[in-house]
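[1] below is the sequence, then the predicted model.
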Amino acid sequence: MELTNEEKKILMGVSFNPEGVEDGDLLDNDLVLLDQMRSVASYLKEKYPSYNFEITGCEPKSGTTRDYDEWFFKAKEVDRASAFIASIEGEAGKFQIRDDFFGEIVKASIEKEVSQILSDGGFDVVEVNVSFWEQLGKEYGEGISPDEVLKGEIAAENDIKVFIDGSKLTDSQYEKTVGDMEDCLKKEKVCGEVYVVILSSRDGDFAKDRLYSDSFAL
């Protein structure tokens, strides 16, 4: 069987028959993984046509409690240390694929919106970081709405971290400040888990200069 050098490299990393992979003589399990790899590549290209992807590895479900295989990939247009993940399950021709790359598309807009909401509410926002626990399928491509994700209309399990300057706050104001932030975000129908860190100053270290932290769910 004809394989690209990239396909050989990845399959040899997970196959029990690396010599066979090198020669194109694949075991049944290798054929399944090859079919998955090509399906994931096609799925990503169709879902996000403005990006160029490279599949970098695989973690099969065998030996784990997962009922799906995971494929790791990167986008040439995105500078990121960790890989993105696509999960695949089902049989050939009926694969169900989901991925976390959608977060790269909506992340900046959501962070800006949350920061603006809180700033308008009178909070001295230093930084907002947003990530997502959920993976989404082919129906949510490049046209995905950041607003629908932020408000939970698209269930992405938003994880929102907010860092604020607490230099003008007293100890007794920390808890109330977090409660007021919760009310502010709830009023704007923001959805997700929110973790708030109050820093000693605007230039404070996010790890070392914490005065107070708390979380709440919206």
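    Happy to help now that I have it. Numbers count the residues shown, from 1 in each chain.

[2] and the least confident helix or strand in the chain by mean pLDDT, which residues are buried?
    Every helix and strand in the chain was compared by mean pLDDT, DSSP states H and E; the lowest is helix 18-23, with a mean of 89. Of the residues in helix 18-23, those buried under the neighbour-count criterion (16 or more other Cβ atoms under 10 Å) are V21. Backbone N, C-alpha and C define where each C-beta goes, glycine included.

[3] outside of it, which residues touch it?
    Residues from elsewhere that reach helix 18-23 (Cβ atoms under 8 Å, 6 or more residues apart in numbering): L3, K8, L11, M12, S15, L26, L27, D30.

[4] pull out the CA atoms of that helix and give them to me as PDB.
    What follows is the C-alpha trace of helix 18-23 in PDB, where atoms were taken according to Å, rounded to 0.1, in the frame of the first residue of the first chain:
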ATOM      1  CA  PRO A  18       6.700  -0.900  12.300                       C
ATOM      2  CA  GLU A  19       8.800  -2.900   9.700                       C
ATOM      3  CA  GLY A  20       5.600  -3.800   7.900                       C
ATOM      4  CA  VAL A  21       4.400  -0.200   7.900                       C
ATOM      5  CA  GLU A  22       7.800   0.800   6.400                       C
ATOM      6  CA  ASP A  23       7.200  -1.600   3.600                       C
END
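
[5] chain center to that helix: distance?
    If you compare the mean C-alpha spot of helix 18-23 with that of the full chain, they lie 34 Å apart, counting by Cα atoms, centre = their mean, to the nearest Å.

[6] tell me the helix or strand right after it.
    Using DSSP states H and E, the helix or strand that directly follows helix 18-23 along the chain is helix 28-47.

[7] what about that next one, distance to the chain center?
    21 Å.

[8] okay, buried residues for whatever helix or strand comes next after it please.
    Next helix or strand after helix 28-47 toward the C-terminus (DSSP H and E): strand 53-59. Burial within strand 53-59, assessed by neighbour count using 16+ other Cβ under 10 Å, is assigned to F53, I55, C58.
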